[in-house]
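Next come a sequence and a model predicted from it.
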Amino acid sequence: MAKTKTEESDKRTPIKLRPIIRKHAGKITEPWNIMENLLADCEVFAPIKHAHIKLYWQKDWKADADNIAVGAQVCKASELDRNQVEEWGGVTPDIFIKLAETHWPAFKEIDRERFIFHELCHIKVAMDSNGKQKLDAKDRPLWRIGKHPITTFPAEIERYGIDAVLGANDKMLEVIRFSDRPMEKVFDEAEKSGMTVSAEVVLTADSWRNYLLAHLGCSARVSKALETAGLKTLGELTNFQAKHGDFWIKDIKGLGATGSEELTNRLESFWTEHPEYCQAQSEEK
Ligand SMILES: [Zn+2]
């Protein structure tokens, strides 16, 4: 029996992506409505209010080997995308957001909003060195897709609590700041070795060695004495201690009794306040 036309057409590659129409029968469609309300109401989205974001439905999102299911996705319009749209007289797109068409109706209202909220969080203004939005040669604003500042596992939250996980990146930034290695350098190195910037890159066993003694918050007298002794970093001071033995502090000229006590206290507080360095120091041994 000959195949019907429908059976033949079923062999064609299905189309998985289609634009979500903004207005249908005079009403703004639900995903657009959610997005526009979030952009209007949330302070966090003020910088991206003027971005031209286009919504798309994507069919058949599946879970991967780790059982991770992506329910939404964001990407930047390429130069080619922009040129194509402009060629046909459309509004230059900046960003595309894809939503899970097949599963959308099964999500609760709050989760639908959360999906769109999440993708909007990824959209960042591409800044120049003066803190202004970068423009291309046609004066089109440039954007970038930001990364997640929090990456975690349910087991990590169970063991350490949500606050520790939420604060993890800030803590990391603080460590980087105190390590006196310019952040750019950390990023450069990570890029060169093809690694992502993570705790492993920054907290090497000897990163505490680069800590500048000037940041200990010592008095002018102690700072001067350290400078005169040629000691700038914690690493140099540790070497000095090793070389001069138990009475090393007496070998730093100009400290006096008060200065010695002050330096001892400052060092003690430093190690207490920076347990991450103690750990790195002990791993080195
Ligand atoms: Zn994301």
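Ah, there it is. Numbering: from 1, shown residues only.

Helices along the chain, start to end?
5-9, 30-41, 79-87, 109-121, 154-160, 162-166, 168-178, 183-192, 199-202, 220-228, 234-244, 256-273, 275-284 (DSSP state H).

what's the neighbour count on the nearest residue to residue 234 once chain neighbours are set aside?
Once flanking residues are discounted, residue 234 sits nearest to residue 211: 4.3 Å by CB to CB, 6 or more residues apart in numbering. Where you see a C-beta, it was placed from the backbone N, CA and C, and this is true even at glycine. Counted with other CB atoms under 10 Å, the neighbours of residue 211 add up to 21.

and residue 211, how far is that from residue 61?
For residue 211, the distance to residue 61 equals 47 Å [CB to CB, to the nearest Å].

Apart from its chain neighbours, what residue comes closest to the residue positioned nearest the centre of the chain?
Relative to the mean C-alpha position of the chain, the nearest C-alpha, by CA atoms, centre = their mean, is the one of residue 149, at 3.7 Å. Excluding its sequence neighbours, the residue lying closest to residue 149 (CB to CB, 6+ apart) is residue 169, at 4.4 Å.

before we move on, back to that, so for residue 68, which of the helices of the chain sits nearest?
helix 154-160 (12.2 Å; CB to CB).

Put the alpha carbons of that closest one into CSV.
Provided in CSV are the C-alpha atoms of helix 154-160 (Å, rounded to 0.1, in the frame of the first residue of the first chain):
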residue,chain,number,x,y,z
PRO,A,154,22.3,19.6,47.0
ALA,A,155,24.6,17.6,49.3
GLU,A,156,26.8,20.7,49.8
ILE,A,157,23.8,22.8,50.8
GLU,A,158,22.6,20.0,53.2
ARG,A,159,26.0,19.8,54.9
TYR,A,160,27.0,23.5,55.0
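
That one: which residues count as buried?
Within helix 154-160, no residue counts as buried by 16 or more other CB atoms under 10 Å.

And that helix, how far out from the chain middle?
On the basis of CA atoms, centre = their mean, to the nearest Å, helix 154-160 sits 20 Å off its chain's mean C-alpha point.

try stretch 105-119
22 Å.

Can you point out the buried residues in that stretch?
The neighbour-count check on stretch 105-119 (16+ other CB under 10 Å) flags 112, 113, 115, 116, 117, 119 as buried.

Pairing partners for the closest residue to the last one other than its chain neighbours in the sheet, please.
Closest residue in space to residue 119, ignoring its immediate chain neighbours: residue 74 at 4.2 Å, by CB to CB, 6+ apart. Beta-bridge partners for residue 74, by DSSP bridges, are residue 97.

Can you add mean pLDDT and distance to residue 17 and give the helices of the chain back as a markdown table?
Formatted as a markdown table, the helices of the chain follow (pLDDT from 0 to 100; distance: least, CB to CB, whole Å):
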| stretch | mean pLDDT | distance to residue 17 |
| --- | --- | --- |
| helix 5-9 | 58 | 19 |
| helix 30-41 | 97 | 14 |
| helix 79-87 | 92 | 13 |
| helix 109-121 | 95 | 15 |
| helix 154-160 | 92 | 31 |
| helix 162-166 | 89 | 34 |
| helix 168-178 | 81 | 33 |
| helix 183-192 | 55 | 32 |
| helix 199-202 | 40 | 37 |
| helix 220-228 | 91 | 62 |
| helix 234-244 | 87 | 55 |
| helix 256-273 | 86 | 52 |
| helix 275-284 | 52 | 45 |
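
Of all the ones you listed, which one is nearest residue 131?
helix 183-192 (16.5 Å).

Quick one, grab the pLDDT at residue 146.
Turning to residue 146, the model gives it a pLDDT of 93.

ok, how many other residues are close to it?
Residues lying near residue 146 (other CB under 10 Å) number 12.

my guess is it contacts residue 127, does it?
No: the criterion here is CB atoms under 8 Å, and residue 146 misses it with residue 127 at 11.6 Å.
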